[in-house]
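> Fold the following.
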Amino acid sequence: MGKLTKNRKAALAKFDLTKNYALSEAAGMVKDITFTKFDASVDINVRLGVDPRKANQMVRGSVTLPHGTGKVARVMVICTPDKEAEAKAAGADHVGGDDMIQKIEGGWCDVDVIVTQPSMMAKVGRLGRFLGPRGLMPNPKTGTVTDDIAKAVTDVKGGKIDFKVDKNGIVHTRIGKVSFSPDKLVENAQEIISMILKLKPSAAKGTYIKSVAISSTMSPGIHVETKSLV
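Below you'll find the predicted structure:
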């Protein structure tokens, strides 16, 4: 633990926790303050002026990052037998119907995204208690409940990510890896911010984007100047 404390001290010495930085500055700094031996993920936290407990203030969507996340998502497709070949050809990692449902009910769910068809939702819907807490429940709004299985799988493999505001009013999602150039991190972050702005609920009053921070897996959060984003 001592080493981590030392690294954290070194990281904190490189920037001012109380200051808001331009997005381009923050993207460069997150690389400078990450001392992991592995290629850490870079995340963005966007605090919104919404009450997510109210249905008319839910912010949920999907976006394709221009430079991907640096990680290829593992995709499960739950479909009818006539769609299985299409799903496999598109690159799905796990494909099936009732057998996949049974695996999930048995506690196995080692995937990042689940895609299914509208006709299978009656069965998949019963998996809510397994999939809901993991954020894996397919949803038509994010394109993961569709008859165009091939497109859904290709989109996810190509860097499309789903995001949803949590109960604290924060959207938390990955925007790349520390090995990405600052420009790529900035462009990915701008794509997410742009989509969040488009999804602003009409019922949301006051300041919509309250704060933005970016961080890596092991680094402190760097606060971003929100005025430069809108």
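
> just for this protein, where's the confidence low?
Low-confidence segments of the chain, defined by pLDDT under 70: 1-15, 35, 230.

> most centrally placed residue in it?
T173 (3.7 Å; CA atoms, centre = their mean).

> so what's G91 up against?
For G91, the contact set (CB atoms under 8 Å, 6 or more residues apart in numbering) comprises 75, 153-154, 157. Any C-beta I mention is one placed from the backbone N, CA and C, and that applies to glycine too.

> one more time with 10 Å, if that's ok
72, 75, 150, 153-154, 156-158 (CB atoms under 10 Å, 6 or more residues apart in numbering).

> Please apply the same query to V111.
With CB under 10 Å, 6+ apart, V111 has these contacts: 73-77, 92-94, 100, 104, 134, 136.

> what about it, helix or strand, and which?
V111 belongs to no helix or strand when assigned by DSSP states H and E.

> And for K71?
Using DSSP H and E, no helix or strand contains K71.

> if I look at it, how far off is L65?
From K71 across to L65, the span is 11 Å (CB to CB, to the nearest Å).

> any common contacting residues for these two?
Common neighbours of K71 and L65 (CB under 10 Å, 6+ apart) are 159, 161, 174, 176.

> now the helices for the chain?
Taking DSSP state H, the helices of the chain run over residues 2-12, 23-32, 84-89, 98-105, 121-124, 128-131, 149-157, 182-198.

> Now render the ones you listed as a markdown table, adding distance to V59 and mean neighbour count.
As requested, those are exported to a markdown table (distance: least, CB to CB, whole Å; neighbours: other CB atoms under 10 Å):
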| stretch | distance to V59 | mean neighbour count |
| --- | --- | --- |
| helix 2-12 | 30 | 12 |
| helix 23-32 | 20 | 20 |
| helix 84-89 | 29 | 16 |
| helix 98-105 | 27 | 15 |
| helix 121-124 | 23 | 14 |
| helix 128-131 | 20 | 13 |
| helix 149-157 | 20 | 21 |
| helix 182-198 | 7 | 18 |
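
> can you list those in JSON lines and add distance to S215?
Shown next, in JSON lines, are these (distance: least, CB to CB, whole Å):
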{"stretch": "helix 2-12", "distance to S215": "10"}
{"stretch": "helix 23-32", "distance to S215": "7"}
{"stretch": "helix 84-89", "distance to S215": "35"}
{"stretch": "helix 98-105", "distance to S215": "31"}
{"stretch": "helix 121-124", "distance to S215": "34"}
{"stretch": "helix 128-131", "distance to S215": "27"}
{"stretch": "helix 149-157", "distance to S215": "24"}
{"stretch": "helix 182-198", "distance to S215": "12"}
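
> and of the ones you listed, who's closest to N56?
helix 182-198 (16.3 Å; CB to CB).

> out of K71 and L65, which sits in the busier spot?
L65 (21 against 14; other CB atoms under 10 Å).

> tell me the contacts of the more buried one?
158-161, 173-176, 184, 187-189, 191-192.

> so which two of those residues are the farthest from each other?
Most distant of the contacts of L65, by CB to CB, are G158 and A189, 18.3 Å apart.

> P140: how many residues sit nearby?
If we define neighbours as other CB under 10 Å, then P140 has 10 of them.

> Then the one 5 residues further on?
Residues lying near V145 (other CB under 10 Å) number 20.

> Skip the chain neighbours and tell me the closest residue to A87.
Using CB to CB, 6 or more residues apart in numbering and skipping the chain neighbours, the partner closest in space to A87 is V77 (3.9 Å).

> repeat for L17
In space, L17 is closest to P220, 6.8 Å off (CB to CB, 6+ apart).

> Please apply the same query to K184.
H67 (4.3 Å).
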